[in-house]
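1. Predicted model and sequence follow; I will ask about them next.
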There are 2 protein chains.
Amino acid sequence: MEFDLTAHLKFSDDLPLGADAELRKAVDDANDTLFVKGVPRDSAKEAARIIEWHAHANELFVRIVSGRYARAHDALLRFKKALGTTLGAKYRIGVRGYDVNEFTIKTEVETQVRVELPFVKQASYDGKLLTLKLAVGEQEIEKKIPDRIINLIEEKTVRQLYGTKAENWELLWESPQKESHFQQDPTLALQQRQWIRHGVSRGQWIFGPQVTKVFNTFVEIIEREILARLGYFEMIFPKMVPWEVWKRSGHARGIYPEIYYISTPKTRDPGYWEDVEDYYKVTNEVPLELIRQKIDDPIGGMCYAQCPSFWPFIQGETISQESLPIKVFDRSGTSHRYESGGIHGIERVDEFHRIEIVWVGSPKQVTAEAKKLEGRYARIFNDILDLEWRKARVTPWFMAQEGLIETQDDRSAGTIDYEAYLPYRGGRADSEWLEFQNVSINGDKYPRGFNVKTQKGELWSGCSGIGLERWAAAFLAQKGLDIELWPEKFATRIKELPEGFKFL
Amino acid sequence: MEFDLTAHLKFSDDLPLGADAELRKAVDDANDTLFVKGVPRDSAKEAARIIEWHAHANELFVRIVSGRYARAHDALLRFKKALGTTLGAKYRIGVRGYDVNEFTIKTEVETQVRVELPFVKQASYDGKLLTLKLAVGEQEIEKKIPDRIINLIEEKTVRQLYGTKAENWELLWESPQKESHFQQDPTLALQQRQWIRHGVSRGQWIFGPQVTKVFNTFVEIIEREILARLGYFEMIFPKMVPWEVWKRSGHARGIYPEIYYISTPKTRDPGYWEDVEDYYKVTNEVPLELIRQKIDDPIGGMCYAQCPSFWPFIQGETISQESLPIKVFDRSGTSHRYESGGIHGIERVDEFHRIEIVWVGSPKQVTAEAKKLEGRYARIFNDILDLEWRKARVTPWFMAQEGLIETQDDRSAGTIDYEAYLPYRGGRADSEWLEFQNVSINGDKYPRGFNVKTQKGELWSGCSGIGLERWAAAFLAQKGLDIELWPEKFATRIKELPEGFKFL
């Protein structure tokens, strides 16, 4: 990797005669010591060097080249600072700033990825050699934009070569096989009985009294077996998620293709909307083009991952040790994802209902809590719902959602997916099982993103999402719709199903 | 009101020689009998007349003028039909259609309203006389667009002159005054105790464990005292509401200034979104302009009135009498309204939580059920929450939301609002009380809109929204935040409040 940068440093006053000697000394110091600080010994030849310079009036031109450490733009920052100290002491002249004239980066890549990026004015591949010419100024250098560009290209390369999720799947446990008397797609069976009906929008269902009772029985089981037993407190997390939250949670990196975007009116002045109403009242058609002009840019989207919205409650705070671990849950609303089209049942929906469990504490507390939850889920799936299921370690959910690649360093974070066998989909080995539950240790990701601390030691968090549609899809696919054939412990809890209403 | 319309009727073939006699007879019949059918005797001079006509080849030109009955465009439809019968029988010539050349409407208005409407090519006021020139064709006449334009102008006039809601408010009952030991704005008090924290988006709160427990205790009371006792079944209504639902529910007429609009991606192809992700990853800013280009026109909005989303479950069905009254409720998610800006507390929020009760049955059943609900609410507000409240008959909620004006004819529908006194706002007589509950009989509005029938007789519906933020705002404003000072029956049910977490 090669960096080649030319810049003009600007001073608060013209340099006096004889300042060249000072400048030469500063350049030599930079090349000999300043730029090699922190560079691994075996990478010494990678270090930055000023290979050209000349001064005139109140400007100093420099050309800095480097390999991977310290990169030319970092070297420029170091040099600027050192120069300020030197010239300030000697001549009372300050460094006012700099312009970057040219900034070229050359790097070997294993595959060609999209490189039309902000602040890249020119990019070209010559086989495996990628040459980037950046258009950056002082502000972008300060913000480490060049490093972000390099990182992004590396990330895209890895993703293109190795994909994201499918690679990481490690079976941890599997239940015995269970006989199933039922081989139907439960969604079709539910529709036949008129227990559910497709909503008017895509991937959306209206759940009638019978299946809502099934959902509620799941909720009662979760309350008794998990939330009350392990001591979780209910909270209400907002469901409209503004960009600010997704920037901190990391979701702003990668969920754009699946967001249900929210836009608000430019104003709620009734007069501003009179033409829209008039149009509708005359034509009975909603004037979409006109509305589009009258709403603002999207302010965010509907709940996608549920737990990010918890964090602003404790954002910027130092949590008392005695309050740890924090153990809360939310079930106050829907989540929305723009899923792939085509025919899906309740196992894959755009609008769904989830109980989200969140815990925050020391790494030890967070890890221990995850184990407890795993134990409780196993108890429910084995003893109450009698499911055929397995669990596997997978790429942490937020990495998948942000398009991040997992490395060995990330092993402090981890997601366990629970998968259920769906008899209607075919043989156990060949068919796709349904992810119907997860437990995640998220490391320090959220405390870091939302700037939450405790008195001493690291703060970690975990979360676990219980999707009621997914539980229903797994349970009903294996156990069918007849309460007499349901596992006794579940049937006992549900007692009886409501009658619903009859259509002629 | 004057209508003056000229049109060319087109025939399937040239008229034969001598057809003029037939045409003259048809015109006379129309003027003498066809156009006066159904016209009130004292409005006979309002009736339509063909005052000019001539035929050539396969066309007949007519000019029709009228007052209010039958309007010229209705007369044209009647005439076209009659002519088809006559010419078909005699000459086997059919009427293929017509062009409208000119269509002028003159009407007296009490005030000038906005008249830049679809299909109005010219509009002018001369004092109180409004002259409209329409640009309409056969399709618009068939769809009764001219009548919709007239109705809209009348509706706008009435609204401009008399306003909408404030006019209708009729006190039905009020509780005795209650002493209050608490004079604070409960939102400020909740924030001081760190029980709630403002969400990142406008009008949005994050509710901590203590206040969520208060909400949940309300829910338990509602379950026991209302839902279980009166036999309501829980369902799950969708929360993303597409235009189609609001067109049928009537909300498409008037809620535009307050919608949280939803737009979905034009595609979920990751490649399509790579530039957005790249931009974010390099700049750490979300590229709103770019996103705006990549999402579709809004498909609808987030839940506004909660019950419309129930109706597609039974849309187009004939409900068995034995299933009536249908009694269901939903509490599966949030509602969102773009409220006015400025500083508000939990009593006026953009994102809120509501249990929505819906019942459907004969007019008698629906009316009786509303009475039962009123009784149960009174029991809760008086005996358990010990509130100071009153109830009033107001303009039906959907009329207010659709910008409709109530007339005496609408008295089959009715909304009762429950209002609570808020001590922190000042004296009982001077200060604004908080609407914290309603019960509505919606007449046949929804069954009609969603085409739901029963075997015999009319089908009506009612709904009642229980806003948890509103209950909390009313209760906490009157009773404060200290459990020891809460009414005994409520304190007993809540037992104790969770501790929450401590910040340093």
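-> Arrived safely. Values in this document were obtained by computation on a predicted structure and should not be read as measured data.
2. residue ranges of the strands in the stretch 51-200 of chain A, please?
-> Assigned by DSSP state E, counting those that start in this stretch, the strands in the stretch 51-200 of chain A fall at A:59-66, A:95-108, A:120-126, A:129-134, A:169-174, A:196-198.
3. and among these, the most buried is which?
-> Of all the strands of the stretch 51-200 of chain A, strand A:59-66 has the most neighbours on average by mean count of other CB atoms under 10 Å in any protein chain shown, namely a mean of 21. Glycine gets a C-beta too; all of them are placed from N, C-alpha and C.
4. would you list the strands of the stretch 51-200 of chain A in a markdown table and tack on distance to chain B and mean pLDDT?
-> Converted to a markdown table, those look like this (distance: least, CB to the nearest CB, whole Å; pLDDT from 0 to 100):
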| stretch | distance to chain B | mean pLDDT |
| --- | --- | --- |
| strand A:59-66 | 20 | 97 |
| strand A:95-108 | 13 | 96 |
| strand A:120-126 | 8 | 96 |
| strand A:129-134 | 11 | 97 |
| strand A:169-174 | 20 | 94 |
| strand A:196-198 | 5 | 97 |
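5. Would you reformat those as CSV and include distance to A:Arg348?
-> Formatted as CSV, the strands of the stretch 51-200 of chain A follow (distance: least, CB to CB, whole Å):
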stretch, distance to A:Arg348
strand A:59-66, 49
strand A:95-108, 40
strand A:120-126, 38
strand A:129-134, 39
strand A:169-174, 19
strand A:196-198, 13
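6. so how far is A:Arg49 from the residue lying closest to A:Lys45 once chain neighbours are set aside?
-> In space, and not counting its chain neighbours, A:Lys45 is closest to A:Gly67: 6.8 Å by CB to CB, 6 or more residues apart in numbering or on different chains. Distance of A:Gly67 to A:Arg49, given as CB to CB, to the nearest Å: 10 Å.
7. Equivalent analysis for A:Phe503, please.
-> Using CB to CB, A:Phe503 is found at 82 Å from A:Arg49.
8. Report how many residues lie close to A:Glu52.
-> As a burial measure, A:Glu52 scores 12 neighbours (other CB atoms under 10 Å in any protein chain shown).
9. bridging residues for it?
-> Taking DSSP bridges as the rule, A:Glu52 bridges to A:Arg63.
10. check contacts around it.
-> Contact analysis of A:Glu52 by CB atoms under 8 Å, 6 or more residues apart in numbering or on different chains lists A:6, A:61-63.
11. Of these, which is the nearest to A:Ile150?
-> A:Thr6 (18.9 Å; CB to CB).
12. Kindly list the main-chain dihedrals of that closest one?
-> phi -120, psi 140 (degrees, to the nearest 10).
13. contacting residues for it?
-> A:Thr6 makes contact with A:52, A:61-64, A:100-103 under the criterion CB under 8 Å, 6+ apart.
14. was I right about A:Arg197 contacting A:Gly208?
-> Yes. If you go by CB atoms under 8 Å, A:Arg197 and A:Gly208 touch, sitting 7.4 Å apart.
15. any common contacting residues for these two?
-> B:Phe313.
16. So which bits of stretch A:76-86 are buried?
-> Of the residues in stretch A:76-86, A:76-77, A:79-80, A:82-84, A:86 count as buried by neighbour count, 16 or more other CB atoms under 10 Å in any protein chain shown.
17. Could you pull up phi and psi at A:Ala473?
-> Torsion angles, degrees, to the nearest 10, at A:Ala473: phi -60, psi -40.
18. and the nearest residue to it once chain neighbours are set aside, how many neighbours does it have?
-> Nearest residue to A:Ala473, sequence neighbours excluded (CB to CB, 6+ apart): A:Glu347, at 3.7 Å. For A:Glu347, the number of neighbouring residues by other CB under 10 Å comes to 23.
19. Please report the distance of the closest residue to chain B within the stretch 51-200 of chain A from B:Met240.
-> Nearest to chain B, among the residues of the stretch 51-200 of chain A, is A:Gly199, at 4.2 Å (CB to the nearest CB). Here A:Gly199 is placed at a distance of 8 Å from B:Met240 (CB to CB).
20. anything in contact with each of those two?
-> The contact lists of A:Gly199 and B:Met240 share A:Glu351, where a contact means CB under 8 Å, 6+ apart.
21. dump the residue contacts of A:Ala189.
-> Taking CB under 8 Å, 6+ apart as the test, what A:Ala189 contacts is A:476, A:480-481.
22. confidence score at the most centrally placed residue in chain A?
-> The residue lying closest to the centre of chain A (CA atoms, centre = their mean) is A:His251, at 3.2 Å. For A:His251, the pLDDT comes out at 96.
23. That one against A:Ala305, yeah?
-> Yes. Using CB under 8 Å, A:His251 is in contact with A:Ala305, at 6.3 Å.
24. Mind listing the residues bridging to A:His8?
-> Beta bridges link A:His8 to A:Phe61, A:Asp99, judged by DSSP bridges.
25. To what extent is it buried, counted in neighbours?
-> Neighbour count for A:His8, taken as other CB under 10 Å: 15.
26. end-to-end on stretch A:4-24?
-> Terminal residues of stretch A:4-24 lie 20 Å apart, using CA to CA, to the nearest Å.
27. Kindly apply the preceding question to stretch A:427-447 instead.
-> Stretch A:427-447 has its terminal residues 43 Å apart, counting by CA to CA.
28. for it, which positions count as buried?
-> A:433-447.
29. Among these, which are located in helices?
-> A:445-447 (DSSP state H).
30. Report the beta-bridge partners for A:Glu174.
-> Beta bridges link A:Glu174 to A:Arg390 when assigned by DSSP bridges.
31. Enumerate every residue touching it.
-> Per CB under 8 Å, 6+ apart, neighbours of A:Glu174: A:389-391.
32. For the longest helix that chain A contains, give me every contacting residue.
-> The longest helix of chain A (DSSP H) is helix A:72-91. Here helix A:72-91 makes contact (CB under 8 Å, 6+ apart) with A:3-5, A:7, A:9, A:11, A:13, A:15-16, A:19, A:22-23, A:25-26, A:29-30, A:34-35, A:48, A:50, A:60, A:62, A:64-66, A:70, A:93-95, A:98, A:103, A:136, A:141-142, A:146.
33. go on, stretch A:116-130?
-> Applying CB under 8 Å, 6+ apart, the contact partners of stretch A:116-130 are A:106-110, A:112, A:115, A:131-136, A:140, A:145, A:149, A:152-153, B:275, B:278-279, B:282-283.
34. for it, the distance to its chain's centre please.
-> Taking CA atoms, centre = their mean, to the nearest Å, one finds the center of stretch A:116-130 at 27 Å from the center of the full chain.
35. Could you work out the end-to-end span of that stretch for me?
-> Stretch A:116-130 has its terminal residues 12 Å apart, counting by CA to CA.
36. where does the stretch 151-300 of chain A have low pLDDT?
-> Filtered on pLDDT under 70, the stretch 151-300 of chain A yields the residue ranges A:164-167.
37. those helices in it, which residues are they?
-> Along the stretch 151-300 of chain A, the stretches classed as helices by DSSP state H, counting those that start in this stretch are A:186-192, A:209-222, A:229-230, A:243-249, A:270-283, A:288-294.
38. Pick the most deeply packed of these.
-> Of all those, helix A:243-249 has the most neighbours on average by mean count of other CB under 10 Å, namely a mean of 22.
39. Now do it: which elements does it pack against?
-> The contact analysis (3 or more CB pairs under 8 Å, 6 or more residues apart in numbering or on different chains; DSSP states H and E) places helix A:243-249 against strand A:300-302, helix A:445-449.
40. Can you name the residues of the stretch 401-504 of chain A that neighbour chain B?
-> Residues of the stretch 401-504 of chain A lying near chain B by CB under 8 Å from any CB of the partner chain: A:403, A:455, A:498, A:500-504.
41. Show me the two of these that sit farthest apart.
-> Greatest spatial distance in those: A:Gln455 and A:Leu504, 67.3 Å, computed using CB to CB.
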